[in-house]
Each structure stands twice: as structure tokens, then as C-alpha cells.
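Participant: Sequence plus the predicted model coming up.
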Amino acid sequence: MSCIFCKIANGEIKTSPVYEDDDVMAFDDLKPQAPVHVLVIPKEHIESMGQLSARHKEIAAKLMLAIPSIAEKKKVGQAGYRLVVNSGKDAGQEVMHLHVHMLAGRKFQWPPG
Ligand code: 5GP
Ligand code: ZN
């Protein structure tokens, strides 16, 4: 398995997790696009939103529920943050392992680019 996020999730590539439980992990993005840029992933390899199914209900819930505590840990819960899931080619998904970007620490534009 050559998936970089699977390697991070199974400890093959060492990282300092911002958050971790049995099903979810969060870590700082390698190339941050904002002062705070965290990636939140399921430990299970799910390629993209298109592969998410009812089978993943608990994992998907845990993924979302981890976010407020990650925001608190990064001290951006009050100021706010943007969540982004790039899914597929047109959205510019580069790593084919589902992940939520949490971006914070600056103002973001709307509509997004
Ligand atoms: P995507 O374009 O797939 O939504 O985002 C992939 C993200 O993963 C990018 O923001 C990129 O900087 C980040 N990334 C790619 N490889 C690594 C890595 O090995 N470690 C970490 N921490 N982030 C990575
Ligand atoms: Zn993977």
C-alpha cells in the first residue's frame, strides 16, 4: 500500500498527531495554506467522498466530531475556521485518501477559488 496517509495513520511515517483515536487522526499539513492547516483523516483507507457509504457511519461521525476539539486545541474555535474536502479531479484532490482540511488563522474569501 503506497498511500501516504495510510502510512501516517499506521505509524510507518512518524508524525505528531494533533488528535488521534481508534478511527481518526489529525496532523499538520506539510505545506500549510494558512497559519493553522490541519488534515483530519479516517485511519481506514477511503479514497474520496464517492467511496463513503453507510458502512462508514461511525467513522464519518467521529471524523466530524473530532473537529471542534481540534479547533479548541489550536485555539481557533472562537475566531473560526474553514473546512474543505477536495473530492476528485475538478476539486484538485491530490492525495487519494479522504481528508478534511481545517484552515484557520486568517480571513478566507467567498466564493472560494
Ligand atoms: P488535497 O489536494 O488532496 O485535498 O490535499 C492534500 C494535502 O496533503 C495538501 O495540502 C498537501 O500539502 C498535504 N500533504 C501531502 N503529502 C503530505 C505528507 O506527507 N504529510 C503531510 N502532513 N501533508 C501532506
Ligand atoms: Zn490511504
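Facilitator: Perfect, I can see it now. Just so you know, these numbers come straight off a predicted model, no measurement behind them. Ligands and ions are numbered 1, 2, ... in the order given.

Participant: Residue nearest the middle of the protein, spatially speaking?
Facilitator: V40 (2.4 Å; C-alpha atoms, centre = their mean).

Participant: If you count contacts, what does the longest helix seen in the chain end up packed against?
Facilitator: Determined from DSSP state H, the single longest helix within the chain is helix 57-73. Under the contact criterion of 3 or more C-beta pairs under 8 Å, 6 or more residues apart in numbering; DSSP states H and E, helix 57-73 touches strand 19-20, strand 24-28, strand 36-42, strand 100-104. Quick note: C-beta positions are derived from backbone N, CA and C, even for glycine.

Participant: May I have the secondary structure class of G11?
Facilitator: coil (DSSP: H, G, I helix; E, B strand; the rest coil).

Participant: next one: G77
Facilitator: Once three-state DSSP is applied, G77 turns out coil.

Participant: That one and P68 touch, don't they?
Facilitator: Yes - if you go by C-beta atoms under 8 Å, G77 and P68 touch, sitting 6.7 Å apart.

Participant: burial count for G77?
Facilitator: G77: 15 surrounding residues under other C-beta atoms under 10 Å.

Participant: Kindly report the same for H45.
Facilitator: If we define neighbours as other C-beta under 10 Å, then H45 has 16 of them.

Participant: Return the distance of E44 relative to A9.
Facilitator: Distance, E44 to A9, by C-beta to C-beta, to the nearest Å: 8 Å.

Participant: what about these two, which has more around it?
Facilitator: A9 (23 against 14).

Participant: Quick check: chain neighbours aside, which residue is closest to that one?
Facilitator: In space, A9 comes closest to K43 once its chain neighbours are excluded; the distance is 4.2 Å by C-beta to C-beta, 6 or more residues apart in numbering.
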